[in-house]
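Colleague: Got a sequence here, can you build the structure:
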Amino acid sequence: LFIKKHFELLSSDRHLAIVTQLELRQSNLELRLKINEILKGYLTILEDIITEGKEAGEFKNTLDVRLAKQMIFGTVDETVTTWVMNDQKYDLPKLADSIHELLIHGFGSQKTKEEK
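Modeller: Numbering: from 1, shown residues only. Okay, here's the model as predicted:
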């Protein structure tokens with residue numbers, strides 16, 4: 001849901017997507033520092049979601065929350081940047097389920113180690 005909402009927000013406002021994915025990365029240092037402050041709140045929400053998932057048993061106890069947060073944010077960020085660079089030619093929110101599946105289940109097969 002988090003990823004889908006992120007994609008829906010940016011796909012509904014093309015100009016916001018361009019600014020967040022391209023323009024803000026080329027700004028001066030002072031502006032980047034202010035952006036980082038805003039981004040910290042976003043990343044805190046993401047970290048809280050991961051931590052809650054861990055506590056609820058949805059994720060492994062050994063999950064590195066910091067690394068998971070970086071991977072999720074990096075995947076979402078790169079996906080939106082690619083969409084912007086391709087002139088928004090496809091439905092960004094439709095990618096959310098596939099990305100969710102990949103982040104939750106990774107590249108492994110459903111077979112257990114004994115079946116291999």
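Colleague: Now do the SS call for Leu63.
Modeller: Secondary structure for Leu63, judged by DSSP: H, G, I helix; E, B strand; the rest coil, is coil.
Colleague: Sorry, slip of the keys, the one I care about is Tyr42.
Modeller: Look at Tyr42: counting by three-state DSSP, its state is helix.
Colleague: quick one: pLDDT of it?
Modeller: Tyr42 is assigned 90 on the pLDDT scale.
Colleague: for Met71, same thing?
Modeller: pLDDT, Met71: 95.
Colleague: so it touches Leu103, yeah?
Modeller: Yes - Met71 is within contact range of Leu103, at 7.0 Å (criterion: CB atoms under 8 Å). Heads up, the C-betas are built off the backbone N, CA and C, glycines and all.
Colleague: residues contacting His100?
Modeller: Contacts for His100 (CB atoms under 8 Å, 6 or more residues apart in numbering) come out as 3-4.
Colleague: pLDDT (mean, whole number) over the helix or strand where it lies?
Modeller: Secondary-structure element containing His100, defined by DSSP states H and E: helix 96-105. Averaging pLDDT along helix 96-105 yields 93.
Colleague: Please identify the buried residues of the helix or strand of the chain with the lowest mean pLDDT?
Modeller: Ranking every helix and strand in the chain by mean pLDDT, DSSP states H and E puts helix 14-21 at the bottom, with a mean of 85. Neighbour counts over helix 14-21 (16 or more other CB atoms under 10 Å) mark 17, 20-21 as buried.
Colleague: who's in contact with it?
Modeller: For helix 14-21, using CB under 8 Å, 6+ apart, the contacting residues are 9-11, 77, 80-81, 83-84, 88.
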